[in-house]
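1. Sequence plus the predicted model coming up.
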Amino acid sequence: MTSYLKRAIKDIRDNAFVSSVTIITVGLLVLMISTFILFWDNAGRIMEDWRKGIRIMAYLKTDIADEAIDVLMKKIQETEGVNEVRFISKQQALELLKEHMDHPGSILDSLEGNPLPNAFEIMTASGSDDNALTLQQVEALAINIKTYSEVDQVEYGQQWLKRFYSIFDLFRLVGFAMGGIFVLAAILIIANTIRLVIYTRQDELQVMRLVGAYDKFIKIPFYLQGVIQAGLGSSIGILILYAGYAYLVSSVEKGFLMIDFYFLSLKAWLFIIASSMLLGMLGCFLSLTKYLKD
Amino acid sequence: MNQNENKNAIIRLFHVHRSYGNKRALQDITLDVAKNEFIFISGPSGAGKTTLLKLLYLGERVNEGQVLVDGINLSRINKKSIPDLRRKFGIIFQDYKLISTKTVYDNIALVLEAVGHNRSQIPFKVRSVLRTVGMEEQINSYPPTLSGGEQQRVAFARAVATDPKIILADEPTGNLDNESAAIIMDLLIRFHTRGATIIVATHDMELIRKKGGRVLILKEGCIYSILFQESPRKLRR
Ligand SMILES: Nc1ncnc2c1ncn2[C@@H]1O[C@H](COP(=O)(O)OP(=O)(O)OP(=O)(O)O)[C@@H](O)[C@H]1O
Ligand SMILES: [Mg+2]
């Protein structure tokens, strides 16, 4: 195995030009794709944050007994998709309202008693949860809650949510489409690069076969070269991306972005490098198998 | 073709045909080459000399007929055994087939490594084989920087480095002056006396005349004649 590795490294050096072209190509592709992943990942995370804590307010009718409220609260609590239910009594609601007003006392004091209803604040499963609700599910849940006889009205920011969700869906669709195009382009470019490599080295491949080299003697160093070049290329791509990221984060004034902008996780970039290496080997395997067929 | 001859044959061709599209490169070739024979294949350009050699190491396949090499029927050979078949041969290709991105040393070392030569002895072996063809000085040169004749000598060195049973030499002196050609012929004769079977394709009649031996003459893909060269006059017919 070490002798195969030695030959692979020697071959990379002997074919310095083609090797550099290959490594640079892989580097650029990885830079392109991981830049995209970086932005998509951050944008997605930010949007998920916004989505968090979608709540449904259920206002109760005035003449409900405390026991009935407890029973209803339990029922809602056990409903699928509900994370948390909080009871907000009308007194609490009034306190909250007073806190939020600039000049408390003025209007509120002139009121006879408390006009506000008792309410439940229902937090739905959201963003970071596995069972996060879609807009349709939130709607269905709200309608379901409204069917309880104790409930007078429900409210969940319908309009705003609808618009937000359609933007989010569009964002995801565009992301997948672009990601798909990038990956497709990458595969095409890599296939062509490997074809170039095989083309420039066909003499060598032919000679080795004609003198009676076994297939594995020819193939294994080739695979190793694919793996090494893809590994080098993708590492370079990610390093450049990291440099760019670090520059951006340090040069843009803190707080200007108003959001936390994270770099890819260690897992993500190990994944990118590993899949590049796998792709490099697979590409070599497929094209060599085709080339050495007869 | 007597029984004795058949038993001794290391290479047998039996009614072999090979065409490229409409072009018939070889037609109805039947030939036995004995173990340790030194045979020439001659004939004008395009007669099929190179094609005939290619059929032996499965550089090409026959369209019809049978080829046997060292008891192996090439029509029935298992794909996995093709490298083993090719290891019986040392081949000097008409176009040399040297790897241009590798040094002279690496060109030969790679082949030795490929056929499983003892790794520790490769440097020594490469040097000694280059010395025999007078190319030791250029051991670190790249083939494109060598003259045609120098490349030919490297190709020769590579072919014989593995001590093959059968040497196929396709125009091995085509690019050489008389002196270098004589050196190559001497080397071929040396391998012949050591027990190798030698097949030389050439249209260099001078070479054939000097060496003598059986000569297969091809013309337009057919056997024109097989003769035993002893004197220059017979060939002129
Ligand atoms: N790969 C090929 N495709 C098509 N035709 C071919 C191919 N190889 C050989 N031929 C044809 O087959 C015939 C025999 O070719 P071959 O190379 O065997 O001749 P040759 O006797 O070696 O000639 P030379 O002395 O010029 O080397 C030629 O007419 C040639 O054009
Ligand atoms: Mg020829």
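-> Yes, it's here. Ligands and ions are numbered 1, 2, ... in the order given.
2. For burial, what's the neighbour tally of the residue of chain A found nearest ligand 2?
-> As assessed by CB to the ion, ligand 2 sits closest to A:Leu210 within chain A, at 15.3 Å. Heads up, the C-betas are built off the backbone N, CA and C, glycines and all. Neighbour count for A:Leu210, taken as other CB atoms under 10 Å in any protein chain shown: 19.
3. looking at it, it is touching B:Ile91, isn't it?
-> Yes: between A:Leu210 and B:Ile91 there is a contact under CB atoms under 8 Å: 6.6 Å.
4. about what we covered before: which ones are touching the residue of chain A closest to ligand 2?
-> B:Tyr57, B:Gly59, B:Arg86, B:Ile91, B:Phe93, B:Lys97 (CB atoms under 8 Å, 6 or more residues apart in numbering or on different chains).
5. Now do the SS call for the fourth one.
-> Think B:Ile91. strand (DSSP: H, G, I helix; E, B strand; the rest coil).
6. How about the contacts made by it?
-> Residues counted as contacts of B:Ile91 (CB under 8 Å, 6+ apart) are A:Leu210, A:Val211, B:Leu53, B:Tyr57, B:Ala159, B:Ile167, B:Leu168, B:Ala169, B:Asp170.
7. Pull up the gap between the third one and A:Asp11, please.
-> Applying CB to CB, to the nearest Å, the value for B:Leu53 to A:Asp11 is 29 Å.
8. For A:Arg86, give me phi and psi.
-> Main-chain dihedrals, A:Arg86, degrees, to the nearest 10: phi -120, psi 140.
9. Looks like it contacts A:Asn118 (just checking).
-> No: with contact defined as CB under 8 Å, A:Arg86 does not reach A:Asn118; the gap is 11.6 Å.
10. Looking at those two now, which is surrounded by more residues?
-> Set side by side, A:Arg86 and A:Asn118 show more neighbours around A:Asn118, with 21 against 12, by other CB under 10 Å.
11. Now the more buried one: closest residue in space that isn't a chain neighbour?
-> Once flanking residues are discounted, A:Asn118 sits nearest to A:Leu60: 4.5 Å by CB to CB, 6 or more residues apart in numbering or on different chains.
12. can you count the residues close to that neighbour?
-> 22.
13. For it, give me the pLDDT.
-> We have a pLDDT of 88 for A:Leu60.
14. so what's it up against?
-> With CB under 8 Å, 6+ apart, A:Leu60 has these contacts: A:Ile69, A:Leu72, A:Pro117, A:Asn118, A:Ala119, A:Phe120, A:Glu150, A:Val151, A:Asp152.
15. part of a strand, is A:Ile194?
-> No: A:Ile194: not assigned to a strand; according to three-state DSSP it is helix.
16. So it is in contact with A:Phe285, correct?
-> No: with contact defined as CB under 8 Å, A:Ile194 does not reach A:Phe285; the gap is 9.9 Å.
17. Between those two, which has more neighbouring residues?
-> Set A:Ile194 next to A:Phe285 and count neighbours by other CB under 10 Å: A:Ile194 wins out with 21 against 15.
18. mind listing what the more buried one touches?
-> A:Gly226, A:Gly283, A:Cys284, A:Ser287.
19. Repeat that for A:Met57.
-> Contacts of A:Met57 by CB under 8 Å, 6+ apart are A:Ala119, A:Phe120, A:Glu121, A:Ile122, A:Val154, A:Glu155, A:Tyr156.
20. now the helices for the chain?
-> Going with chain A. A:2-14, A:16-51, A:66-77, A:90-100, A:135-146, A:158-200, A:202-210, A:215-251, A:266-291 (DSSP state H).
21. Switch to chain B, please.
-> Remark: helices assigned in chain B by DSSP H are B:3-8, B:49-56, B:82-87, B:104-114, B:122-132, B:148-160, B:178-193, B:205-211, B:232-235.
22. Quick check: the gap between A:Ser276 and ligand 1.
-> Distance of A:Ser276 to ligand 1, given as CB to the nearest ligand atom, to the nearest Å: 39 Å.
23. quick one: that residue and A:Ser234 touch, right?
-> Yes: with contact taken as CB under 8 Å, A:Ser276 and A:Ser234 are classed as touching, separated by 3.8 Å.
24. Between the two, which contacts overlap?
-> Contacts common to A:Ser276 and A:Ser234, judged by CB under 8 Å, 6+ apart, are A:Val26, A:Val30.
25. Look up how far B:Val67 lies from the residue in chain B that ligand 2 sits nearest to.
-> Per CB to the ion, B:Thr50 is where chain B lies closest to ligand 2, at 3.1 Å. As judged by CB to CB, B:Thr50 and B:Val67 stand 15 Å apart.
26. Got the confidence number for residue 26?
-> Unless you meant another one, I'm taking chain A. A:Val26 is given a pLDDT of 89.
27. Sorry, I should have been clearer: chain B.
-> 93.
28. and it, what does it touch?
-> For B:Leu26, the contacting residues are B:Val16, B:His17, B:Arg18, B:Gly48, B:Thr51, B:Leu52, B:Leu55, B:Leu218, B:Gly221, by CB under 8 Å, 6+ apart.
29. so the second one bridges to which residues?
-> What it means is B:His17. Per DSSP bridges, the residues bridged to B:His17 are B:Glu64.
30. Surely it is in contact with B:Gly48?
-> No: B:His17 is beyond contact range of B:Gly48, at 10.8 Å (criterion: CB under 8 Å).
31. who has more neighbours, the two?
-> The residue with more neighbours, out of B:His17 and B:Gly48, is B:Gly48; 25 against 15, by other CB under 10 Å.
32. How about the contacts made by A:Ile9?
-> A:Ile228.
33. gap between it and B:Arg24?
-> From A:Ile9 to B:Arg24 the distance is 48 Å (CB to CB).
34. Next: A:Glu121.
-> In this view, A:Glu121 and B:Arg24 are 92 Å apart by CB to CB.
35. Look at those two and report which has more neighbours.
-> A direct count of neighbours by other CB under 10 Å for A:Glu121 and B:Arg24 places B:Arg24 higher, at 16 against 13.
36. Name whatever forms a beta bridge with the more buried one.
-> B:Ser19.
37. where does chain B have low pLDDT?
-> B:1-7, B:231-237 (pLDDT under 70).
38. got a list of contacts for stretch A:36-44?
-> Contacts for stretch A:36-44 (CB under 8 Å, 6+ apart): A:171-172, A:175, A:178-179, A:182, A:241, A:245, A:259, A:261-264, A:268, A:272.
39. got a winner among the contacts of B:Leu26 for most neighbours?
-> Neighbour tally across these (other CB under 10 Å): the maximum, 27 neighbours, falls on B:Leu52.
40. Distance check, it against chain A.
-> Distance of B:Leu52 to chain A, computed by CB to the nearest CB, to the nearest Å: 16 Å.
41. Using CSV, write down the CA coordinates of stretch B:157-174.
-> Extracted in CSV, the C-alpha atoms of stretch B:157-174 (Å, rounded to 0.1, in the frame of the first residue of the first chain):
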residue,chain,number,x,y,z
ALA,B,157,16.3,-1.7,-22.9
ARG,B,158,12.8,-1.6,-21.4
ALA,B,159,11.7,-4.6,-23.5
VAL,B,160,14.6,-6.8,-22.4
ALA,B,161,14.8,-5.6,-18.8
THR,B,162,12.3,-8.2,-17.6
ASP,B,163,14.2,-11.1,-19.2
PRO,B,164,11.2,-12.1,-21.4
LYS,B,165,10.7,-15.5,-23.0
ILE,B,166,9.8,-14.0,-26.3
ILE,B,167,11.1,-10.8,-27.8
LEU,B,168,9.0,-9.0,-30.4
ALA,B,169,11.0,-6.3,-32.1
ASP,B,170,9.1,-4.0,-34.5
GLU,B,171,11.6,-2.2,-36.6
PRO,B,172,14.2,-2.2,-33.8
THR,B,173,16.9,-0.6,-35.9
GLY,B,174,14.7,1.7,-38.0
